[in-house]
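In: What follows is a predicted protein model with its sequence.
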Amino acid sequence: TYESSASGRLSGSEANGYSTYGQAQTAFSMTIGTYTAAPPFGGNIFSGIQVANDPSVDSFIVTSRLTGTPFNGFNPIGFLSFNDLSGGAFSDTKLSNVGDLTGWPTQPSRTTWWYLAFSSGGQPPTVSGTLTSLTLVPEPGTLPLFACSVICITLAMRRRASQATTGK
(Lines give C-alpha, C1' and ligand atoms only; values in the text may rest on other atoms or scores of the structure.)
Protein backbone atom coordinates (compact mmCIF):
# COMPACT_ATOMS: atom_id res chain seq x y z
CA THR A 1 0.00 0.00 0.00
CA TYR A 2 1.02 3.59 -0.33
CA GLU A 3 0.09 6.94 1.13
CA SER A 4 -2.01 8.45 -1.68
CA SER A 5 -1.91 11.91 -0.09
CA ALA A 6 1.92 12.02 -0.19
CA SER A 7 3.30 15.07 -1.95
CA GLY A 8 5.32 14.47 -5.08
CA ARG A 9 7.89 16.29 -7.17
CA LEU A 10 6.64 17.02 -10.71
CA SER A 11 8.97 16.89 -13.72
CA GLY A 12 7.39 18.23 -16.90
CA SER A 13 3.66 18.80 -16.74
CA GLU A 14 0.67 16.86 -15.39
CA ALA A 15 -0.34 16.15 -19.01
CA ASN A 16 3.11 14.99 -20.16
CA GLY A 17 5.53 14.30 -17.33
CA TYR A 18 6.08 12.35 -14.15
CA SER A 19 5.93 12.83 -10.40
CA THR A 20 8.17 11.10 -7.86
CA TYR A 21 6.92 10.26 -4.39
CA GLY A 22 9.83 9.39 -2.09
CA GLN A 23 9.01 7.10 0.82
CA ALA A 24 5.29 6.95 -0.12
CA GLN A 25 5.15 3.16 0.40
CA THR A 26 3.57 2.20 3.71
CA ALA A 27 3.14 -1.58 3.62
CA PHE A 28 5.02 -2.60 0.49
CA SER A 29 6.86 -5.91 0.44
CA MET A 30 8.56 -7.53 -2.55
CA THR A 31 10.42 -10.84 -2.35
CA ILE A 32 12.30 -12.31 -5.29
CA GLY A 33 14.34 -15.40 -4.43
CA THR A 34 16.41 -14.50 -1.38
CA TYR A 35 16.06 -10.73 -1.89
CA THR A 36 13.44 -8.67 -0.06
CA ALA A 37 12.31 -5.05 -0.08
CA ALA A 38 10.25 -3.95 2.90
CA PRO A 39 10.07 -0.84 5.09
CA PRO A 40 12.16 0.88 6.28
CA PHE A 41 13.68 1.46 2.84
CA GLY A 42 17.32 2.40 2.31
CA GLY A 43 18.22 6.04 1.91
CA ASN A 44 21.21 5.73 -0.42
CA ILE A 45 19.05 5.47 -3.56
CA PHE A 46 15.59 6.69 -4.48
CA SER A 47 13.09 4.46 -2.74
CA GLY A 48 9.59 5.40 -3.67
CA ILE A 49 6.98 5.61 -6.37
CA GLN A 50 6.96 7.31 -9.75
CA VAL A 51 3.74 8.04 -11.68
CA ALA A 52 4.19 8.99 -15.34
CA ASN A 53 1.54 10.40 -17.65
CA ASP A 54 2.72 10.33 -21.24
CA PRO A 55 0.74 10.24 -24.50
CA SER A 56 2.45 6.98 -25.50
CA VAL A 57 3.11 5.14 -22.18
CA ASP A 58 1.67 5.73 -18.70
CA SER A 59 3.51 4.04 -15.85
CA PHE A 60 3.47 3.38 -12.12
CA ILE A 61 6.91 2.32 -10.83
CA VAL A 62 8.01 1.28 -7.33
CA THR A 63 11.76 1.33 -6.62
CA SER A 64 13.69 0.17 -3.56
CA ARG A 65 17.01 -1.21 -2.39
CA LEU A 66 16.63 -4.91 -1.50
CA THR A 67 18.25 -6.87 1.31
CA GLY A 68 19.88 -10.25 0.76
CA THR A 69 23.25 -11.66 -0.24
CA PRO A 70 25.30 -8.92 -1.94
CA PHE A 71 26.48 -9.56 -5.50
CA ASN A 72 30.00 -8.14 -6.02
CA GLY A 73 29.45 -6.19 -2.79
CA PHE A 74 26.19 -4.65 -3.98
CA ASN A 75 22.64 -5.22 -2.77
CA PRO A 76 20.29 -5.07 -5.77
CA ILE A 77 17.81 -2.38 -6.63
CA GLY A 78 14.30 -3.72 -7.17
CA PHE A 79 11.79 -2.24 -9.61
CA LEU A 80 8.12 -3.10 -9.96
CA SER A 81 6.70 -1.50 -13.10
CA PHE A 82 3.12 -1.16 -14.37
CA ASN A 83 2.95 0.19 -17.95
CA ASP A 84 0.01 1.15 -20.14
CA LEU A 85 1.18 1.17 -23.76
CA SER A 86 -1.90 3.11 -24.91
CA GLY A 87 -1.02 6.06 -22.68
CA GLY A 88 -4.61 6.26 -21.44
CA ALA A 89 -4.39 4.86 -17.90
CA PHE A 90 -3.71 8.15 -16.10
CA SER A 91 -5.01 11.66 -16.71
CA ASP A 92 -2.26 13.21 -14.56
CA THR A 93 0.72 12.24 -12.37
CA LYS A 94 -1.04 12.50 -9.00
CA LEU A 95 -0.61 9.47 -6.76
CA SER A 96 -4.08 10.06 -5.34
CA ASN A 97 -5.61 9.39 -8.79
CA VAL A 98 -3.86 6.06 -9.51
CA GLY A 99 -6.56 3.80 -8.04
CA ASP A 100 -6.60 0.02 -7.66
CA LEU A 101 -3.85 -1.78 -9.64
CA THR A 102 -4.89 -5.39 -8.91
CA GLY A 103 -6.55 -5.91 -12.32
CA TRP A 104 -3.75 -4.21 -14.25
CA PRO A 105 -2.04 -7.34 -15.73
CA THR A 106 -5.31 -8.55 -17.32
CA GLN A 107 -6.13 -5.30 -19.14
CA PRO A 108 -5.40 -4.86 -22.86
CA SER A 109 -2.22 -2.91 -23.71
CA ARG A 110 -0.96 -3.17 -20.12
CA THR A 111 2.19 -4.90 -18.90
CA THR A 112 3.53 -5.54 -15.42
CA TRP A 113 7.09 -6.63 -14.73
CA TRP A 114 9.77 -6.79 -12.05
CA TYR A 115 13.44 -6.08 -12.42
CA LEU A 116 16.51 -6.52 -10.21
CA ALA A 117 19.64 -4.53 -11.02
CA PHE A 118 22.93 -5.58 -9.43
CA SER A 119 24.72 -2.28 -10.12
CA SER A 120 24.31 1.28 -8.89
CA GLY A 121 23.03 2.65 -12.20
CA GLY A 122 20.55 -0.13 -12.97
CA GLN A 123 22.72 -1.61 -15.76
CA PRO A 124 23.59 -5.32 -16.20
CA PRO A 125 23.88 -7.69 -14.55
CA THR A 126 20.10 -7.77 -14.19
CA VAL A 127 17.28 -10.25 -13.70
CA SER A 128 13.70 -9.54 -14.76
CA GLY A 129 10.33 -11.18 -15.22
CA THR A 130 6.64 -10.53 -15.82
CA LEU A 131 3.79 -10.48 -13.36
CA THR A 132 0.66 -12.26 -14.54
CA SER A 133 -1.54 -11.58 -11.51
CA LEU A 134 -1.66 -9.43 -8.39
CA THR A 135 -3.25 -10.28 -5.07
CA LEU A 136 -4.75 -7.64 -2.82
CA VAL A 137 -3.70 -8.41 0.76
CA PRO A 138 -5.87 -6.82 3.47
CA GLU A 139 -4.27 -4.40 5.88
CA PRO A 140 -3.58 -5.96 9.30
CA GLY A 141 -6.43 -3.96 10.90
CA THR A 142 -8.98 -5.28 8.41
CA LEU A 143 -9.07 -8.83 9.78
CA PRO A 144 -10.00 -7.88 13.40
CA LEU A 145 -12.66 -5.49 12.07
CA PHE A 146 -14.12 -8.25 9.89
CA ALA A 147 -14.05 -10.74 12.80
CA CYS A 148 -15.84 -8.25 15.05
CA SER A 149 -18.53 -7.76 12.39
CA VAL A 150 -19.10 -11.51 12.07
CA ILE A 151 -19.38 -11.88 15.87
CA CYS A 152 -21.90 -9.01 16.11
CA ILE A 153 -24.03 -10.42 13.28
CA THR A 154 -23.96 -13.89 14.88
CA LEU A 155 -25.02 -12.51 18.28
CA ALA A 156 -27.82 -10.46 16.70
CA MET A 157 -29.10 -13.54 14.83
CA ARG A 158 -29.03 -15.64 18.04
CA ARG A 159 -30.88 -12.95 19.95
CA ARG A 160 -33.52 -12.67 17.23
CA ALA A 161 -33.93 -16.47 17.12
CA SER A 162 -34.21 -16.60 20.94
CA GLN A 163 -36.89 -13.88 20.94
CA ALA A 164 -38.84 -15.68 18.24
CA THR A 165 -38.94 -18.94 20.23
CA THR A 166 -39.91 -17.27 23.52
CA GLY A 167 -42.49 -15.02 21.89
CA LYS A 168 -40.94 -11.75 23.12
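Out: Looks like it came in fine.
In: got any ranges where the protein has weak pLDDT?
Out: The chain contains residues with pLDDT under 70 at 27-28, 38-46, 120-123, 133-150, 152, 157, 164, 166-168.
In: hmm, try it at 50
Out: Across the chain, nothing is flagged by pLDDT under 50.
In: Which parts of it are helices?
Out: In the chain, the helices defined using DSSP state H lie at 142-166.
In: Which strand residues bridge the residue lying closest to residue 52 once chain neighbours are set aside?
Out: Excluding the flanking residues, the one nearest residue 52 by C-beta to C-beta, 6 or more residues apart in numbering is residue 18, at 3.8 Å. All C-beta atoms are positioned from the backbone trio N, CA, C, and that covers glycine. Counting by DSSP bridges, residue 18 forms beta bridges with residue 11, residue 52.
In: For burial, what's the neighbour tally of residue 18?
Out: Close neighbours of residue 18, defined as other C-beta atoms under 10 Å, add up to 20.
In: thought it was touching residue 53?
Out: Yes - counting by C-beta atoms under 8 Å, residue 53 is a contact partner of residue 18 at 7.2 Å.
In: joint contacts of the two?
Out: Listed as contacting both residue 18 and residue 53 by C-beta atoms under 8 Å, 6 or more residues apart in numbering are residue 93.
In: one step back: so who does the residue nearest to residue 52 touch?
Out: By C-beta under 8 Å, 6+ apart, the contact set of residue 18 is 10-12, 50-54, 59, 93.
In: Would you map the strands across this protein?
Out: Along the chain, the segments classed as strands by DSSP state E run 9-12, 17-22, 30-32, 35-37, 48-53, 58-65, 77-84, 110-117, 126-130.
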